[in-house]
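>>> The sequence and its predicted three-dimensional model are supplied below.
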Amino acid sequence: MTNSFDTPTTRTWFITGASSGIGLALAVRAAERGDNVIAVARRAEGLTQLTDKYGDQVLEAGADVASLSQLQSAVSAGLERFGRIDFVANNAGYGVFGAVEEATDAQVRAIFDTNVHGVLNVLRATLPTLRAQKSGHILQGSSYFGQMAHAGVGMIAATKYAVEGLTEALFGELDPLGIKVTLVEPGLTATSFLANLDHVETISDYDQTVREVLKTIGALPSTAYNTADGVVDAIIAATEANTPPHRIATGSTAVQDIRTALVARIAELDEWTPVSNAVDNSN
């Protein structure tokens, strides 16, 4: 592997969700390595912890990912101070926990506005700069729920599957332009994500599934959760690779659960291949 941070040029990171969790840990790591950070969060006051410690190395950018104009202003301010953007960490997002039927229309639209439309807004705001540079690396914040799901996480998974689908297209679209793309798929991580889950009004028929999952999650020991710093280690490794991965799962649980889901999917595809292939002969 080559280390992109060993080059003489200081790199600049554009990080959403930078006031807490993985986004904050990544912003701190980048700044500690001497890089510049455009730290983006919906509430700019949450970013003062970064500017207080790292000064002009970090640019506070209060911007809601639901607002393209606010993100474009953050990009403009970042370019004015730092001159370029090398890494875009598309990290902002939250979760809704409950059965698919239990989630209200308003809850579903709100989570898609942040987790999907927000991701698209970040891309629209930053890609013109990366395309002009003919370089850059986009780090798409997904989840192991972008590859599998279980009872209770349908809305989280729906948004992450959407992010993974649009990112699959980005691989082919951006590679000829010199822009790299990596999906980051964390497993359970010790951040405020679970504490900030939006919960639904419950339907008793789902107590045996959804509520049991919630009890199981609540009973997990602290050792079941990876640290945000550990996730950042994996992200940095991906940025340093000569050929960055299209996907990187973080934590052994994420790796195992994704593998189990993929193996089961392939097994079912194989089992039903004769029926599927017979469609070709029915024309």
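Sure thing, it's come through.

>>> show me where pLDDT drops low in the stretch 151-283 of the chain?
Applying pLDDT under 70 to the stretch 151-283 of the chain flags the ranges 192-195, 283.

>>> so where do the helices sit in it?
Under the criterion DSSP state H, counting those that start in this stretch, the stretch 151-283 of the chain contains helices at 154-174, 212-218, 228-240, 252-271, 273-278.

>>> Same list (these) but as TSV, adding distance to residue 125.
For glycine as for every other residue, the C-beta is placed from the backbone atoms N, C-alpha and C. Output for these, formatted as TSV (distance: least, CB to CB, whole Å):
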stretch	distance to residue 125
helix 154-174	15
helix 212-218	34
helix 228-240	20
helix 252-271	29
helix 273-278	41
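
>>> The ones you listed: which one's closest to residue 25?
Closest of those to residue 25 is helix 228-240, at 3.8 Å (criterion: CB to CB).

>>> Could you dump the helices of the stretch 151-283 of the chain into a markdown table with mean neighbour count added?
Converted to a markdown table, those look like this (neighbours: other CB atoms under 10 Å):
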| stretch | mean neighbour count |
| --- | --- |
| helix 154-174 | 19 |
| helix 212-218 | 13 |
| helix 228-240 | 19 |
| helix 252-271 | 13 |
| helix 273-278 | 9 |
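
>>> From residue 242, how far out is the residue nearest in space to the middle of the chain?
Central residue check for the chain by CA atoms, centre = their mean: the C-alpha nearest the mean position is that of residue 141, 0.9 Å away. Distance of residue 141 to residue 242, given as CB to CB, to the nearest Å: 23 Å.

>>> what's the nearest residue to the residue nearest to the centre of the chain if we skip its chain neighbours?
Counting by CB to CB, 6 or more residues apart in numbering, residue 141 lies nearest to residue 91, which is 4.3 Å off, once chain neighbours are set aside.

>>> what sits against the one you found?
15, 16, 17, 18, 22, 23, 26, 139, 141 (CB atoms under 8 Å, 6 or more residues apart in numbering).

>>> quick one, phi psi at it?
phi -110, psi -20 (degrees, to the nearest 10).

>>> From residue 146, how far off is it?
From residue 91 across to residue 146, the span is 14 Å (CB to CB).

>>> re earlier: generate the PyMOL command that creates a selection of the buried members of the contacts of residue 91.
The PyMOL selection below is limited to those of the contacts of residue 91 classed as buried (16 or more other CB atoms under 10 Å):
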select buried, resi 15+16+17+18+22+23+26+139+141
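
>>> Include distance to residue 45 when you put the contacts of residue 91 into CSV, please.
Listed next are the contacts of residue 91 as CSV, based on distance: CB to CB, whole Å:
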residue, distance to residue 45
15, 17
16, 16
17, 15
18, 12
22, 20
23, 15
26, 19
139, 25
141, 22
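
>>> Select from the contacts of residue 91 every entry located in strands.
Using DSSP state E, the subset of these located in strands is 15, 16, 139, 141.

>>> Residue 211: which of the residues you listed is nearest?
Residue 211 lies nearest to residue 141 out of the ones in strands among the contacts of residue 91, by CB to CB, at 27.8 Å.

>>> While we're on that closest one, how confident is the model there?
Looking at residue 141, its pLDDT is 95.

>>> Tell me the spacing between the residue nearest to the centre of the chain and residue 159.
11 Å.

>>> Mutual contacts of those two, please.
By CB under 8 Å, 6+ apart, residue 141 and residue 159 have these common neighbours: residue 93.
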